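Participant: Structure of the sequence below:
(one chain, ligands or ions: 2)
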Amino acid sequence: MEMIKIIRIALANQKGGVGKTTTSLCLANELKSRGFNVLFIDTDAQCNSTKFFEAKTQGVATILDIFCGDEPAINCIQHTSKGDIIASDKLLSDAENMVKVDERRFRHLKRSLKSIEGKYDFVVIDTPPAIGVALKNVLATVDYVIIPVEESGWALDGLMDFAEAIELARENNENLKIMGILTVKSKERTRKSKRISELAETLAEKLKTKCFQTKIRESVACTEALTEYYVPLNEYAPESSTAQDYKNFTDEMLGEISNG
Ligand SMILES: Nc1ncnc2c1ncn2[C@@H]1O[C@H](COP(=O)(O)OP(=O)(O)O)[C@@H](O)[C@H]1O
Ligand SMILES: [Mg+2]
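Facilitator: Ligands and ions are numbered 1, 2, ... in the order given. Okay, here's the model as predicted:
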């Protein structure tokens, strides 16, 4: 039987607080709701998505064991009521010093994922807000990067540096594609919102990508669901604007993948 290749997607942006964790959790849940088999990987030392999954970080193998011990991914998966996850670890904040400086430095994650080939449809990866060894491992691994940008003043600053990191990652991962820029925490019809949309379009052109048509609206339910009650947004408030937007975004994303 032919093994279908796992589609690996990272939500990444070198800035913090721009919706990487929210988007990765909502995307993973949407994909699960549609019957796909999804593995979530947390590569951020802040462990926010690990907390959402209520996954362990002690006495289990985590992303740290992949980066520092070449542990096969299959040995690091925790099966939780919210799905399968490879947890992060707060010690990962010292990754720059902990991960050996050798030719494998940025390839640990990619090697490790060979152990799950054929076992999932999607791997969704949450990433840290810095271009360091963890993010470089992710960029060397994934097929697609989606860049969430916040609808606020300096949302797009620094993204050219990020684009450079992606360009460098392509030397080892030639299929790496920026699938698009996703506007999050959107407040409709404000003047700022219009200006950010225009800037995002310009940036997308520079990065040779596009902006997703769906914009993710801001809602109280979104923060409540994910950071207070630890319940997937599409269960906690399926009718909320944000849940609807993530549904549409997932449709758009799946369309993008099937178009190659
Ligand atoms: N659509 C949204 N509506 C309301 N709050 C949001 C929305 N998206 C993200 N947030 C909030 O913004 C903050 C930063 O989002 P987060 O996903 O943690 O960003 P990052 O992972 O990039 O640091 C969090 O408190 C999160 O709950
Ligand atoms: Mg985060």
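Participant: Point out the residues in the chain that sit beside ligand 2.
Facilitator: With Cβ under 5 Å from the ion as the criterion, the chain meets ligand 2 at residues Lys20, Thr21, Asn48. (C-beta placed from N, C-alpha, C; glycine too.)
Participant: And the next helix or strand past the helix or strand hosting Ile41?
Facilitator: Take DSSP states H and E as the rule and Ile41 turns out to sit in strand 38-42. Toward the C-terminus, strand 38-42 is succeeded by helix 48-52 as the next helix or strand (DSSP H and E).
Participant: What helices and strands are in contact with that next one?
Facilitator: Judged by 3 or more Cβ pairs under 8 Å, 6 or more residues apart in numbering; DSSP states H and E, the packing partners of helix 48-52 are helix 20-33, strand 38-42.
Participant: which residues sit against that helix?
Facilitator: 21, 24-25, 40, 42, 57, 82, 85, 87-88, 126, 226-227, 230 (Cβ atoms under 8 Å, 6 or more residues apart in numbering).
Participant: let's go with 6 Å and repeat that
Facilitator: With contact meaning Cβ atoms under 6 Å, 6 or more residues apart in numbering, helix 48-52 is reached by Thr21, Leu25, Asp42, Ala87, Ser88, Asp126, Tyr230.
Participant: Helix, strand or coil: sort out Ile178 for me.
Facilitator: strand (DSSP: H, G, I helix; E, B strand; the rest coil).
Participant: And for it, nearest residue in space, chain neighbours not counted?
Facilitator: The spatial neighbour of Ile178 that comes closest, neighbours along the chain excluded (Cβ to Cβ, 6 or more residues apart in numbering), is Thr209 at 4.1 Å.
Participant: What's the local residue count around the one you found?
Facilitator: Taking other Cβ atoms under 10 Å as the criterion, the count of residues near Thr209 is 19.
Participant: Of the residues of the chain next to ligand 2, just say which sits nearest to ligand 2.
Facilitator: Proximity of those to ligand 2 (Cβ to the ion) peaks at Thr21, which lies at 3.3 Å.
Participant: And Ile125, its phi and psi?
Facilitator: Here is the backbone geometry of Ile125 (degrees, to the nearest 10): phi -120, psi 120.
Participant: from what I can see it touches Asp42, true?
Facilitator: No. Taking contacts as Cβ atoms under 6 Å, Ile125 lies outside contact range of Asp42: 8.0 Å.
Participant: still on that earlier bit, now tabulate the helices and strands packed on helix 48-52 in a markdown table and tack on distance to ligand 1 and mean neighbour count.
Facilitator: Output for these, formatted as a markdown table (distance: least, Cβ to the nearest ligand atom, whole Å; neighbours: other Cβ atoms under 10 Å):
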| stretch | distance to ligand 1 | mean neighbour count |
| --- | --- | --- |
| helix 20-33 | 3 | 24 |
| strand 38-42 | 10 | 27 |
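Participant: Figure out which of those is closest to Ile166.
Facilitator: helix 20-33 (15.0 Å; Cβ to Cβ).
Participant: and the one helix or strand Ile166 maps to, is it in reach of ligand 1?
Facilitator: Ile166 belongs to helix 159-169 when elements are defined using DSSP H and E. No. Judged by Cβ under 6 Å from any ligand atom, helix 159-169 stays clear of ligand 1, getting no closer than 12.6 Å.
Participant: Touching that helix from outside, list them.
Facilitator: Gln14, Ile131, Leu139, Ala140, Leu176, Leu203, Leu207.
Participant: Report the two of the residues you listed separated the most.
Facilitator: Across the contacts of helix 159-169 (Cβ to Cβ), the longest gap, 23.4 Å, separates Ala140 and Leu203.
Participant: ok, and for the one helix or strand Arg195 maps to, which residues are buried?
Facilitator: Using DSSP H and E, Arg195 sits within helix 191-206. By neighbour count with 16 or more other Cβ atoms under 10 Å, helix 191-206 contains the buried residues Ile196, Ala200, Leu203, Ala204.
Participant: Return the distance of that helix from the chain's centre.
Facilitator: 22 Å (Cα atoms, centre = their mean, to the nearest Å).
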